Every structure is written in structure tokens, then in C-alpha cells.
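Trainee: Could you look at this predicted model? Sequence included:
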Amino acid sequence: MTNATKKALRADLKAVLAKYNVAIAFTCSDSSDTHGLYNARLVIQDATTEAIVHDTDNDWQIRAIDLK
């Protein structure tokens, strides 16, 4: 990926996140501690309320194919 493409990607992603007022976040189970993380995953959440809009179900990536 070229620098110009990376710049365009960041601009497009920023616009989508702002348009829908969402954030991409990391979350894990309340039982996670210094011994390890449990149910660790990425989510898309409402930027104001932090309500989860999309959960990756224990995955560390968000791909276009996963968004339904």
C-alpha cells in the first residue's frame, strides 16, 4: 500500500467514523486480570454511549466481509 493510499484510507475511515459517531475499540471480559485477557475482541461502539454496534465475537480484526 502506497503512502498516498494509506492517507486516503485514513481520511475515508475518519469520515465514516465521524458520520456515524462510532469508534473502533478493544474490549475484554470483566474477569480479565493480570493472568490473562478473556473474551478479548474488537468492537465498533457508539462514540457517545459506548453501546456496542458490532461485535467481532472474539476476533482481533474487522473485515468488510464480517459486516452484515
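Mentor: Structure's in. What do you need?

Trainee: Next up, the contacts around Leu9.
Mentor: By CB atoms under 8 Å, 6 or more residues apart in numbering, the contact set of Leu9 is Met1. Quick note: C-beta positions are derived from backbone N, CA and C, even for glycine.

Trainee: which SS class is it?
Mentor: Here Leu9 takes the helix state, with states given by DSSP: H, G, I helix; E, B strand; the rest coil.

Trainee: Kindly state the beta-bridge partners for the most centrally placed residue in the chain.
Mentor: When CA atoms, centre = their mean is applied to the chain, the residue found nearest the centroid is Ile24 (2.8 Å). In this entry, Ile24 is beta-bridged to Ile44, by DSSP bridges.

Trainee: In contact with it, which residues?
Mentor: By CB under 8 Å, 6+ apart, the residues touching Ile24 are Leu17, Leu42, Val43, Ile44, Ile62.

Trainee: Name the nearest of those relative to Glu50.
Mentor: Val43 (9.5 Å; CB to CB).
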